[in-house]
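[1] A structural model of the following input is requested.
(one chain, ligands or ions: 1)
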Amino acid sequence: MAHPVNPYIGRFAPSPSGPLHMGSLLCALASYLDARANQGTWYVRIEDLDPPREVAGADQRILDSLSAHHLHWDSPPVYQSQRAEAYQHALQQLKHLGQAYRCSCNRKRLAELNHNYDNACRSRSISDNTPAAIRFHTDAARQAIHLETSNICFQDEIQGESGEDFHHTGDFVIHRKDGLFAYQLAVVVDDIAQGITHIVRGSDLLDTTAKQILLTLTFGHPPPIYRHIPVLTYDTGLKLSKQNHAQAIDDTSASHNLLRCLRYLNQSPPETLKNADCSSILEWAIEHWNLPLVPRCLSIPQ
Ligand code: GLU
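    Numbers count the residues shown, from 1 in each chain. Modelled structure (predicted):
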């Protein structure tokens, strides 16, 4: 370990839509090692904001799996379902500043726009009785923070330069038409509240990052550092996910699972760890954590 970053507060933020699979364990392990190698804090946050996609008991199963792999978190896990007040407050703040507006566009229209929103509802006045989403007015927000360009670029410390031009992609949803808070809003409100300094997660979320950076800046905070690791894919190139029923990890082979994930992360655990227990593997991995060795690609086959 060369230079520990201080302070360092990281997190793993699974959605309880199913048990951990090898891809989510990989994210958990990478964020845990990055935090611990920097003598940082590591939180777990259960992102249970979307009841229709959740599986009863999955939160506890995820926590049990993390414990079985000795990935111990620092404070009791935060549940997003308990945080509605904070999200509502943030939403009110944006509305009050003219940085949020109601949008009644239907799915068909949005699909025709290829999900690059044309900001049509900015100039409409949609009554509170009409079912509507709430969008973030990216231009109003940029003006308020004196950001001239609509193109938010950032340097991901694994994937390199990335970004999004809101002039093309348009305003995004922060409160859904079905009444649920959108992931983009909740994740930013929570990352700010928890003082997260470093976000290590799967590259499938790289595309959401510029939105989160713009929201974070709008709330008056510096964005965290981002490190997007490659996602695991099947032979077909499809990402392992709970939606496509990726196999749950077997907690009885925890040390084997950790070694496998370390190899995906290109950390080359030595042969001597072959029969070691989880604590010894993690101890080695923290001491030898080498971020620059993590593959700089979006995906790797499992
Ligand atoms: N809850 C999100 C997921 O499981 C991850 C959010 C994040 O790490 O920002 O895909």
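
[2] enumerate the residues of the stretch 151-300 of the chain near the ligand.
    Applying CB under 6 Å from any ligand atom, one finds that the stretch 151-300 of the chain approaches the ligand through 187, 201, 205. (Glycine included, C-beta is placed from N, CA and C.)

[3] cutoff 5 Å now
    Residues of the stretch 151-300 of the chain lying near the ligand by CB under 5 Å from any ligand atom: 187, 201.

[4] can you pull out the helices in the chain?
    Along the chain, the stretches classed as helices by DSSP state H are 22-37, 58-68, 84-96, 107-112, 138-144, 166-169, 183-193, 209-218, 254-264, 278-288.

[5] buried deepest among the ones you listed, which one?
    Neighbour counts (mean count of other CB atoms under 10 Å) averaged over each of these peak at helix 22-37, with a mean of 25.

[6] what helices or strands is that one leaning on?
    Identification of packing neighbours for helix 22-37 by 3 or more CB pairs under 8 Å, 6 or more residues apart in numbering; DSSP states H and E yields strand 9-12, strand 41-46, helix 58-68, strand 198-202, strand 225-229, strand 231-233, helix 254-264, helix 278-288.

[7] contacts for the third one, please.
    The contact list for helix 58-68 (CB atoms under 8 Å, 6 or more residues apart in numbering) reads 12, 14, 16-20, 24-25, 28, 44, 46, 48, 72-73, 77, 79, 248-249, 251, 254, 278.

[8] same check on the first one?
    Outside of strand 9-12, the residues within contact range by CB under 8 Å, 6+ apart are 27-28, 31-32, 34-35, 40-45, 66, 71, 73, 191, 194-200.

[9] tell me the residue of the stretch 51-200 of the chain that sits nearest the ligand?
    Nearest to the ligand, among the residues of the stretch 51-200 of the chain, is residue 187, at 4.9 Å (CB to the nearest ligand atom).

[10] tell me the contacts of that residue?
    Residue 187 sits next to 13, 47, 212 when contact means CB under 8 Å, 6+ apart.
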